[in-house]
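S.K.: Sharing a model prediction with you, sequence too.
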Amino acid sequence: MAHPKSRISKQRKRKRRTHLKAEIPQLAVCKTTGETHRYHRAHFVDGDMYYKGQVIVKADAEDQE
């Protein structure tokens, strides 16, 4: 059975685990549409896909009906 060569202190163990926490994603407000979205992500508004305030993919006329 494997045994550790020396005990790892609580401080050392907790330093290692500081990166294992869940983070709250940063949110931005689009200047064009006013929608809240995650940073560096494209988002949909009324079928159109926006990125950095510009329309990347236009919605089809059939989809909006």
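M.R.: Structure's in. What do you need? None of the values given here were measured: they were computed from a predicted structure.
S.K.: Every contact and neighbour count from this point should use C-alpha atoms.
M.R.: Fine.
S.K.: This structure: helices as residue ranges?
M.R.: 10-16, 61-64 (DSSP state H).
S.K.: In contact with the spatially most central residue of the chain, which residues?
M.R.: Note on the chain: the residue nearest the mean C-alpha position is Pro25, at 5.1 Å, using Cα atoms, centre = their mean. For Pro25, the residues meeting the contact criterion (Cα atoms under 8 Å, 6 or more residues apart in numbering) are Arg38.
S.K.: Renumber starting at 161 from here on
M.R.: Sure, I'll start counting at 161 from here, so that last one is Pro185.
S.K.: phi, psi of it?
M.R.: Its backbone dihedrals place Pro185 at phi -70, psi 140, with angles given as degrees, to the nearest 10.
S.K.: Can you find the helix or strand in the chain with the smallest mean pLDDT?
M.R.: Counting by mean pLDDT, DSSP states H and E, the weakest-scoring helix or strand in the chain turns out to be helix 221-224, with a mean of 64.
S.K.: sorry, back to before: and the residue nearest to the centre of the chain, how far from Glu195?
M.R.: Pro185 sits 16 Å away from Glu195 when distances are taken as Cα to Cα, to the nearest Å.
S.K.: Val215 now?
M.R.: Distance, Val215 to Glu195, using Cα to Cα: 13 Å.
S.K.: Strands of the chain, start to end?
M.R.: The residue ranges that make up the strands of the chain, judged by DSSP state E, are 187-189, 196-198, 203-205, 208-211, 214-217.
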